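[1] Sequence and predicted model, in that order:
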Amino acid sequence: MQRVLPPQQVKCLRWHDDRPAAGADHWNMIKVEELSKKYGSRTALDGLDFTVRSGIVTGFLGPNGAGKSTTMRIILGLDAPTSGRATVNGRPVRAHAAPLTEIGALLDAKAVHPMRSARNHLRALAATTGISDRRVDEVIDLVGLGDAADRAAGGFSLGMGQRLGIASALLGDPETLMLDEPVNGLDPEGILWMRHLLRDLAAEGRTVFVSSHLMSEMAMIAEHFVIIGKGRLIADVTAAELQGMTAEPTIHVRTPEAGRLRETLTADGLTVSGDGRETLEVAGTTSEDVGRAAARAGITLFELTTHRATLEEIFMDLTRDSVEYQAGHTIKAAA
Amino acid sequence: MMSTLESTTTQAPPRAARGGAPAVTEWRVMRSEWIKLRTVRSTVVALAGAALAMLGLGVLFSVFADSGDGSGPGDGGDALATSLNGMLLAQLIVGVLGVLFVSSEYSSGMIRATLAAVRSRTSVLRAKTATLAGALFVSMGVASVASFLIGSAVYGGAGATYSLSEPAVLLAVLGGGLYAAGIGALGVAFGFLLRSAAGAIGVLVALLLVAPLMVQLIPGSIGEWITKLLPGNAGQAIMHVQTQADLLSPGIGLAVFAAWIAAALVAAAIMLRRRDA
């Protein structure tokens, strides 16, 4: 697959769309400014800078080890950045009187005392901020934890843990939600439920920031993407803009007269690749032009399709350089 | 940045905000820790176990204390000291409970949810310390009174006996609750400093059990003094009426014990604020 942009350019790539902010209140967002984090000599984040707006689901993407969780911990005030800052609704999260009502977070579904019931876990968290037990019951119903809420959380499946994590994030009815890999471990029904929940929360005008290392998953949920690799911003784009970042589509042709079609197209100045026996890949043209050229030469076509790179392929391409551990040869062969 | 945030956190008087708008207050963080303490069966069992160890061993020592020929378990002590001897075991349970109250949050990862919910990290340290120390003072105070009353009644030794109506005796007996609360607080501090149960329990046991044996090897009065100043010995001095030869006086003992706890808690607070969670 060919590279979309040279890496130097990709580093600071950013699209500013002119769409008005979906939320009425411009405070209602996560803002990350020139964030850097070093662990000893290892740089985890390197000048990361982006804004997450309200009213839409924003996907936070990057290969494992790209710095997604570090960024989220800094936004929550758990880790201190080496430089730069992160604010939630206009302030560092701990400058708010009640952090739970500003930002609800799910960092780790298993972060619950294994011997404590889900309900008591939520009650303990709620108590810090004076949130009522009635609200605890509400969020338990909302995530469908129901009867399991009074069982010890240590026996929960990962999917139930994710639901409990979502419940704790929703406790304070916050305007901003930040979820680290929330779809991990969910069954298909759970994934569907999560998708709808996140979209509904965003539709209510909330800021929803969701991380994942899988583009295929995010493509179904998010409208906007923040993509990072090795602690640097690679892209901050809408789905349409991300789609536009690919090179021109390639035309895939299957014909019994591949040799003759190749000659015809090459004569027109087109670049043709493919194994040449029955299939050809043509770049820099449209399926209409290939079809007409074949008709003029009297060549039979079995198949004529336009291939656009999927978001997944674009994502893989963008982050290829920043994957920490790469199975080099295997990936090249597969591509 | 962190220190400016911390300084703004304790302004609201705890009671003013009770039941009001959602906001984090010291009182509410303490309520949260109290919920955590009582909703895990193992902590409740440990609290009961420490009280039972105190009572059971105290009564046992008292019954078998004999006439002072140097062969019985309660020899050399008086009825009060003998009846409170159960603290030797109870202190370990109490200290481990303090460590686990903190380290279990680190091992599960819940500490991140806890710290993200509050404004000031040290408020979590304060709340955990106050909640556990309060619970221990009450439960172990009651256990100490019971141990003393039953132990004195069955005391078979030749040492002096006392009555709870004497203020100094009452203070010494309640000193059992105070000592347990202090050891629990020390466990909380070590839990925050070391984050892992194994490490923190190791340090605690070393300080309470191993260090007294080691410093005895130091010859002369220096060794004697260091022995007296160790947290276990200094703290246990408050459980006596008369100053023992190998212990500080109750008042000085209390001061030294409090200094140890204060130092551990301050160190824990500094590290809690400086380190990433």
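    Here it is on my side, so go on. Numbering: from 1, shown residues only, chains lettered A, B, ... in the order given.
[2] pLDDT weak spots in the stretch 1-150 of chain B?
    Counting by pLDDT under 70, the stretch 1-150 of chain B contains low-confidence ranges at B:1-20, B:67-76.
[3] so what's the residue of it at minimum distance from chain A closest to, chain neighbours aside?
    As assessed by C-beta to the nearest C-beta, chain A sits closest to residue B:109 within the stretch 1-150 of chain B, at 3.2 Å. Glycine gets a C-beta too; all of them are placed from N, C-alpha and C. For residue B:109, ignoring the flanking residues on the chain, the nearest one in space by C-beta to C-beta, 6 or more residues apart in numbering or on different chains is residue A:111 at 3.2 Å.
[4] three-state assignment of the one you found?
    Per DSSP: H, G, I helix; E, B strand; the rest coil, the local secondary structure of residue A:111 is coil.
[5] ranges for the strands of the stretch 101-250 of chain B?
    Secondary structure of the stretch 101-250 of chain B (DSSP state E, counting those that start in this stretch): no strands located.
[6] of all the residues in it, which ones are close to chain A?
    B:104-105, B:108-110, B:112-120 (C-beta under 8 Å from any C-beta of the partner chain).
[7] Compare these and tell me which is most surrounded.
    Neighbours were tallied for each of those (criterion: other C-beta atoms under 10 Å in any protein chain shown), and the maximum of 28 neighbours falls on residue B:117.
[8] Make sure that residue is actually in contact with residue B:24.
    Yes - in this structure, residue B:117 sits in contact with residue B:24. The criterion is C-beta atoms under 8 Å, and the distance is 7.2 Å.
[9] what do the two both touch?
    Both residue B:117 and residue B:24 are contacted by A:99, A:128, A:129, under the criterion C-beta atoms under 8 Å, 6 or more residues apart in numbering or on different chains.
[10] Break chain A into its domains for me.
    When chain A is parsed with automatic domain parsing, its domains come out as A:7-237, A:250-307.
[11] Pull the distance from the last one to the chain's centre.
    Looking back up the chat, that one is domain A:250-307. Average the C-alpha atoms of domain A:250-307, do the same for its chain, and the two points are 36 Å apart (C-alpha atoms, centre = their mean, to the nearest Å).
[12] Centroid-wise, who is the farthest residue in chain A?
    Of all residues in chain A, residue A:298 sits farthest from the chain's C-alpha centroid, using C-alpha atoms, centre = their mean; the distance is 46.8 Å.
[13] what about residue 49, how many neighbours?
    Just so you know, I chose chain A. Residues near residue A:49, counting by other C-beta under 10 Å, number 15.
[14] wrong one, chain B
    Burial of residue B:49 is recorded as 16 neighbouring residues (other C-beta under 10 Å).
[15] wouldn't it be in contact with residue B:93 here?
    Yes - using C-beta under 8 Å as the test, residue B:49 is close enough to residue B:93 to be in contact (5.5 Å).
[16] Are we agreed that residue A:237 is in a strand?
    Yes - with three-state DSSP as the criterion, residue A:237 is assigned to a strand.
[17] Contact partners for the residue lying closest to residue B:244 once chain neighbours are set aside?
    With C-beta to C-beta, 6+ apart as the measure, residue B:237 is the residue that lies nearest to residue B:244, at 7.3 Å, once sequence neighbours are left out. Residue B:237 makes contacts with B:228, B:243, B:244, B:247, B:248, B:249, B:250, B:252, B:253, B:254, B:257, as judged by C-beta under 8 Å, 6+ apart.
[18] again, but for residue A:35
    A:45, A:47, A:48, A:49, A:71, A:74, A:81, A:83, A:84, A:85, A:86.
[19] Now narrow those residues to whatever sits close to chain B.
    Of the entries in those, the ones placed beside chain B under the rule of C-beta under 8 Å from any C-beta are residue A:85.
[20] Now the buried members of the contacts of residue A:35.
    Buried members of the contacts of residue A:35, scored by 16 or more other C-beta atoms under 10 Å in any protein chain shown, are A:45, A:47, A:48, A:71, A:74, A:81, A:84, A:86.
[21] hmm, back to that, save the shared contacts of residue B:117 and residue B:24 as CSV, and put in secondary structure, pLDDT and distance to chain B too.
    Listed next are these as CSV, based on DSSP: H, G, I helix; E, B strand; the rest coil; pLDDT from 0 to 100; distance: C-beta to the nearest C-beta, whole Å:
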residue, secondary structure, pLDDT, distance to chain B
A:99, helix, 95, 6
A:128, coil, 97, 4
A:129, coil, 96, 5
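[22] Neighbour-wise, which one of those residues leads?
    Across the shared contacts of residue B:117 and residue B:24, the neighbour count under other C-beta under 10 Å reaches its highest value at residue A:128, namely 32 neighbours.
[23] Torsion angles phi and psi at that one?
    Backbone geometry at residue A:128, expressed as degrees, to the nearest 10, gives phi -60, psi -30.
[24] can you check residue B:99 too?
    Comment: the main-chain dihedrals of residue B:99 come out as phi -60, psi -50, following degrees, to the nearest 10.
[25] Run through who's touching stretch A:106-114.
    Outside stretch A:106-114, the residues that touch it by C-beta under 8 Å, 6+ apart are A:69, A:72-73, A:76, A:118, A:121, A:152-156, A:158, A:161-162, A:164-166, A:168-169, A:178-180, A:182, A:184-185, B:36, B:40, B:104-105, B:108-110, B:112-113.
[26] So which bits of it are buried?
    The neighbour-count criterion (16+ other C-beta under 10 Å) identifies A:106, A:107, A:108, A:109, A:110, A:111, A:112, A:113 as the buried residues of stretch A:106-114.
[27] so which of the residues you listed comes closest to chain B?
    Each of the buried residues of stretch A:106-114 was scored against chain B by C-beta to the nearest C-beta, and residue A:111 proved nearest at 3.2 Å.
[28] Distance check, the closest one against residue B:44.
    22 Å (C-beta to C-beta, to the nearest Å).
[29] same question, residue B:167
    When C-beta to C-beta is the yardstick, residue B:167 and residue B:44 sit 33 Å from each other.
[30] When the two are compared, which one has more neighbours?
    Shown here are residue B:167 and residue B:44; by other C-beta under 10 Å, residue B:44 has more neighbours (13 against 8).
[31] got the buried residues for the helix or strand hosting the more buried one?
    Assigned by DSSP states H and E, residue B:44 belongs to helix B:41-64. For helix B:41-64, the buried set under the neighbour-count rule, 16+ other C-beta under 10 Å, comprises B:43, B:46-47, B:49-51, B:53-55, B:57-63.
[32] Need the residue closest to the centroid of the chain.
    Let's take chain A. Against the mean C-alpha coordinate of chain A, by C-alpha atoms, centre = their mean, the closest residue is residue A:59 at 3.3 Å.
[33] Switch to chain B, please.
    residue B:183 (2.3 Å).
[34] Surely that residue touches residue B:99?
    No - here residue B:183 does not reach residue B:99: they are 10.4 Å apart, not a contact under C-beta under 8 Å.
[35] which bits of the stretch 51-200 of chain A sit near chain B?
    Counting by C-beta under 8 Å from any C-beta, the residues of the stretch 51-200 of chain A near chain B are A:73, A:76-80, A:85, A:92-101, A:105, A:107-108, A:110-117, A:120-121, A:123-125, A:127-131, A:168, A:172.
[36] Helices of the stretch 51-200 of chain B, residue ranges please.
    Using DSSP state H, counting those that start in this stretch, the helices found in the stretch 51-200 of chain B span residues B:79-83, B:87-108, B:110-117, B:121-154, B:167-194, B:197-205.
[37] With distance to residue A:318 added, can I get those in JSON lines?
    JSON lines is the format used below for these (distance: least, C-beta to C-beta, whole Å):
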{"stretch": "helix B:79-83", "distance to residue A:318": "74"}
{"stretch": "helix B:87-108", "distance to residue A:318": "36"}
{"stretch": "helix B:110-117", "distance to residue A:318": "30"}
{"stretch": "helix B:121-154", "distance to residue A:318": "37"}
{"stretch": "helix B:167-194", "distance to residue A:318": "42"}
{"stretch": "helix B:197-205", "distance to residue A:318": "43"}
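[38] looking at these, which is buried most?
    Relative to the other members of the helices of the stretch 51-200 of chain B, helix B:79-83 carries the highest mean neighbour count by mean count of other C-beta atoms under 10 Å in any protein chain shown, namely a mean of 28.
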